[in-house]
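Novice: everything below, folded, please.
(2 chains)
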Amino acid sequence: DGGITQSPKYLFRKEGQNVTLSCEQNLNHDAMYWYRQDPGQGLRLIYYSQIVNDFQKGDIAEGYSVSREKKESFPLTVTSAQKNPTAFYLCASSMNVWDGIQGGYTFGSGTRLTVV
Amino acid sequence: QKEVEQNSGPLSVPEGAIASLNCTYSDRVSQSFFWYRQYSGKSPELIMSIYSNGDKEDGRFTAQLNKASQYVSLLIRDSQPSDSATYLCAVSNSNSGYALNFGKGTSLLVTP
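Specialist: Residues are numbered from 1 along each chain as shown, chains lettered A, B, ... in the order given. Sure, this is the predicted structure:
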């Protein structure tokens, strides 16, 4: 079955540590997105990529980094510069950006990151 | 910053009633509007999309769009306890390559 796989489901980070969240899709989608959700809040856009080897900052990119070396993969690194990383992280994909406009987002099941 | 505003709720309705959820947005050039349902601890799932002014019906759900007033709403008829969830309004964002901009969501509670 096609879909988006996020791993791990739960992740614990120590102060000053970088961690990487995995997002893999087998839907042959061009566009991929990372969102962050805090309790009682909506989704805020961190980064998005419309095509391989290209990505753009979203509204809250500071303290995060991404890469898009393969169409299937869009990993997110939460760096030590992100001072309040505890949140629920969601990865999504769409056939292309315009298909995203048509509501064709497929979401992964999310990664819950906690600072310990 | 393009904004999407929703009343956080909770909105409580009795089983079988109509639930009405509202959303306003600030980006006048937005072209696409969506409603997602999110259960606690889960990822959002798309329930309705709408692109032109007027009403769009799909089963028990009706989405309404008024671009002049920058307003979009979702009606849920014959509400069921299983409809209890957070409903997120999402709008295409012209500043972010048309990635979706989400509201904070309205919590809906349907009581038996």
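Novice: how many neighbours does residue 79 have?
Specialist: Picking chain A for this. Neighbourhood size, A:Thr79 [other CB atoms under 10 Å in any protein chain shown]: 15. All C-beta spots, glycine's among them, are computed from the backbone N, C-alpha and C.
Novice: I was thinking of chain B, sorry if that wasn't clear
Specialist: Residues near B:Ser79, counting by other CB under 10 Å, number 21.
Novice: now swap in the one 4 residues further on and tell me
Specialist: B:Asp83 has 19 neighbouring residues, counting by other CB under 10 Å.
Novice: contact partners for it?
Specialist: Shown in contact with B:Asp83 (CB atoms under 8 Å, 6 or more residues apart in numbering or on different chains): B:19, B:37, B:76, B:108, B:110.
Novice: C-terminal to the lowest-mean-pLDDT helix or strand in chain A, what's the next element?
Specialist: Here the helix or strand of chain A ranked lowest by mean pLDDT, DSSP states H and E is helix A:97-101, holding a mean of 60. As assigned by DSSP states H and E, the chain's next helix or strand after helix A:97-101 is strand A:106-107.
Novice: dump the residue contacts of B:Ser69.
Specialist: Residues near B:Ser69 by CB under 8 Å, 6+ apart: B:Thr24.
Novice: any idea how far it lies from B:Tyr87?
Specialist: Using CB to CB, to the nearest Å, we find B:Ser69 at a distance of 20 Å from B:Tyr87.
Novice: for chain A, which residue occupies the most central location?
Specialist: Centroid-nearest residue in chain A, with CA atoms, centre = their mean: A:Trp34, separated by 2.8 Å.
Novice: how close does that residue sit to B:Gly105?
Specialist: 19 Å.
Novice: before we move on, the earlier item: reformat the contacts of B:Asp83 as CSV; add pLDDT.
Specialist: Shown next, in CSV, are those (pLDDT from 0 to 100):
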residue, pLDDT
B:Ala19, 97
B:Arg37, 96
B:Ile76, 98
B:Leu108, 97
B:Val110, 97
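Novice: filter those residues down to the ones in strands?
Specialist: Under the assignment DSSP state E, these contribute B:19, B:37, B:76, B:108, B:110 to strands.
Novice: from chain A, how far out is the nearest residue to the last one once chain neighbours are set aside?
Specialist: Counting by CB to CB, 6 or more residues apart in numbering or on different chains, B:Ser79 is the residue found nearest to B:Val110 once chain neighbours are left out, at 4.5 Å. B:Ser79 is 22 Å from chain A, where distance means CB to the nearest CB, to the nearest Å.
Novice: state whether B:Ser79 is indeed within a helix.
Specialist: No: counting by DSSP: H, G, I helix; E, B strand; the rest coil, B:Ser79 is located in no helix; its state is coil.
Novice: what sits against it?
Specialist: B:Ser79 makes contacts with B:13-19, B:108, B:110, as judged by CB under 8 Å, 6+ apart.
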